[in-house]
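A.B. asks: model the following, please.
(one chain, ligands or ions: 1)
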Amino acid sequence: MSRVHRSAALAAIVLIAGGCGSRARSGGLVVGFSQVGAESGWRTANTRSIKGEADRRGVTLKFSDAQGDQENQIRAIRSFIQQKVDVIAFSPKTEDGWQAVLEEAKQAHIPVILTDRAVNVQDTSLYVTFIGSDFVEEGRRAAACLARATGGKARIAELQGTPGSAPALDRKKGFEAALAAEFPGLTIIKSQSGNFERARGKEVFEAFLRSPEGASITALYAHNDDMALGAIQAIEAAGKKPGTDIVIVSVDGVHDAFQAMLDGKLACSVECNPLLGPQLFDLIERLKRGEPVPKRIITKEGVYERSQVTRETLAARQY
Ligand code: GYE
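C.D. replies: Numbering: from 1, shown residues only. The predicted model follows:
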């Protein structure tokens, strides 16, 4: 039996064995979910999707918000293990630091599903599957979009996401790889973390503008929309025109980014779909039936460009 099959079979045994008696809802599953926090519009939409879908399916969800602290996430996972939940799912803040707690879950025979972000562990049998976006590809798409919007020439300031997180590492990697391979006229001249937060994005961009290179910045690559939206405030406060003086691309595609595209301030937002709830609970149900699940499930996504955004597309946004 392959590793994936083995863990799926194991999961099935655990789920069947635990399927009656003390469950909070008759015959229902108990799932523990540890969320990173509420740092962005993306995260809020992701939380809503997971809670909403659990509710629709009658799954008992033990939801824990770590408020941006990895230690809180580890504590939440330990508590899910103690409570003998059927499945643990979580969105790991950073890639490193999960080995020990994932081994504890494995010893307790509780299957773990990674959602949204990857972990860095040598033993990949410590989780059943990882569902989420291809962040490297998102970085490449952002570079291509910036090249289109600037005619291939720009001095870029980069606002990175949370240090050590999969989306920050991979969005940087994909963007830089595309610059090196295809867009020699695009150069990164400043780069710092804004922690995926709007207020922090604003502060860091203010500092960029005040720096000796500030006057020569012609573009911004923000690893998420919220930081771009914070930077737009900083750019306007400095008397410059976002979208004209400084061309901006970011990632996520949240409602406020669509508004910024409609206003001509944001050139494009690379899609990163937060609505993972239905896929997550489909997977959990497949595990419950003892079916094998793929080790990696990549969310299908595209790019939203300013020219495509109308009042109708804005009004139709779900998040
Ligand atoms: O892009 C950002 C959020 O992990 C994909 O985290 C997620 C990222 C998302 O805070 O807005």
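
A.B. asks: only C-alpha atoms for contact and neighbour calcs from this point on.
C.D. replies: OK.

A.B. asks: which residues of the chain score low on pLDDT?
C.D. replies: Scanning the chain with the threshold set as pLDDT under 70 gives 1-27.

A.B. asks: near the ligand, which residues of the chain?
C.D. replies: The chain comes close to the ligand at residues 39, 40, 42, 43, 116, 117, 167, 196, 224, 252, as judged by Cα under 6 Å from any ligand atom.

A.B. asks: how about the strands in this protein?
C.D. replies: 30-35, 60-65, 87-90, 112-115, 129-132, 154-160, 186-193, 219-222, 247-252, 268-271, 296-298, 303-305 (DSSP state E).

A.B. asks: which strands and helices sit next to the fifth one?
C.D. replies: If I follow you right, that is strand 129-132. On a contact count with 3 or more Cα pairs under 8 Å, 6 or more residues apart in numbering; DSSP states H and E, strand 129-132 meets strand 112-115, strand 296-298.

A.B. asks: want to throw those strands into JSON lines with mean neighbour count?
C.D. replies: Listed next are the helices and strands packed on strand 129-132 as JSON lines, based on neighbours: other Cα atoms under 10 Å:
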{"stretch": "strand 112-115", "mean neighbour count": "23"}
{"stretch": "strand 296-298", "mean neighbour count": "14"}
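
A.B. asks: grab the most central residue of the chain for me.
C.D. replies: The residue lying closest to the centre of the chain (Cα atoms, centre = their mean) is residue 116, at 5.0 Å.

A.B. asks: and the helices in the protein, which stretches?
C.D. replies: Remark: helices assigned in the chain by DSSP state H are 3-17, 41-57, 70-82, 99-107, 135-150, 166-182, 198-210, 225-237, 255-262, 277-288, 311-316.

A.B. asks: what sits against the nearest residue to residue 255 once chain neighbours are set aside?
C.D. replies: Excluding the flanking residues, the one nearest residue 255 by Cα to Cα, 6 or more residues apart in numbering is residue 319, at 5.5 Å. When contacts are counted by Cα atoms under 8 Å, 6 or more residues apart in numbering, residue 319 touches 41, 42, 45, 254, 255.

A.B. asks: can you give me the neighbour number for the nearest residue to the second one once chain neighbours are set aside?
C.D. replies: When the adjacent residues along the chain are set aside, residue 42 lies closest to residue 274, with 5.9 Å between them (Cα to Cα, 6+ apart). Residue 274 is flanked by 25 other residues according to other Cα atoms under 10 Å.

A.B. asks: residue 274 and residue 292, how far apart?
C.D. replies: Between residue 274 and residue 292 the computed distance is 24 Å (Cα to Cα, to the nearest Å).

A.B. asks: go on, residue 242?
C.D. replies: Distance from residue 242 to residue 292, by Cα to Cα: 49 Å.

A.B. asks: give me the more crowded residue out of the two.
C.D. replies: Set residue 242 next to residue 292 and count neighbours by other Cα under 10 Å: residue 242 wins out with 24 against 20.

A.B. asks: isn't residue 310 up against residue 263?
C.D. replies: No. Here residue 310 does not reach residue 263: they are 10.1 Å apart, not a contact under Cα atoms under 8 Å.

A.B. asks: test my guess that the residue nearest to residue 42 contacts residue 48.
C.D. replies: No. Between residue 274 and residue 48 there is no contact under Cα under 8 Å: 9.3 Å.

A.B. asks: excluding chain neighbours, what is closest to residue 277?
C.D. replies: Nearest residue to residue 277, sequence neighbours excluded (Cα to Cα, 6+ apart): residue 50, at 4.1 Å.

A.B. asks: residue 302 now?
C.D. replies: Distances taken as Cα to Cα, 6+ apart put residue 271 closest to residue 302, at 5.3 Å, once the chain neighbours are dropped.

A.B. asks: my guess is the residue nearest to the centre of the chain contacts residue 129. True?
C.D. replies: No. Between residue 116 and residue 129 there is no contact under Cα under 8 Å: 11.1 Å.

A.B. asks: list the residues that contact both of these two?
C.D. replies: In terms of Cα under 8 Å, 6+ apart, residue 116 and residue 129 are not both contacted by any residue.

A.B. asks: which residues touch residue 216?
C.D. replies: residue 155.

A.B. asks: let me redo that: residue 224
C.D. replies: By Cα under 8 Å, 6+ apart, the residues touching residue 224 are 161, 196, 250, 251, 252.

A.B. asks: so who does the fourth one touch?
C.D. replies: Listed by Cα under 8 Å, 6+ apart, the contact partners of residue 251 are 138, 142, 222, 223, 224, 225, 269, 270, 271, 272.
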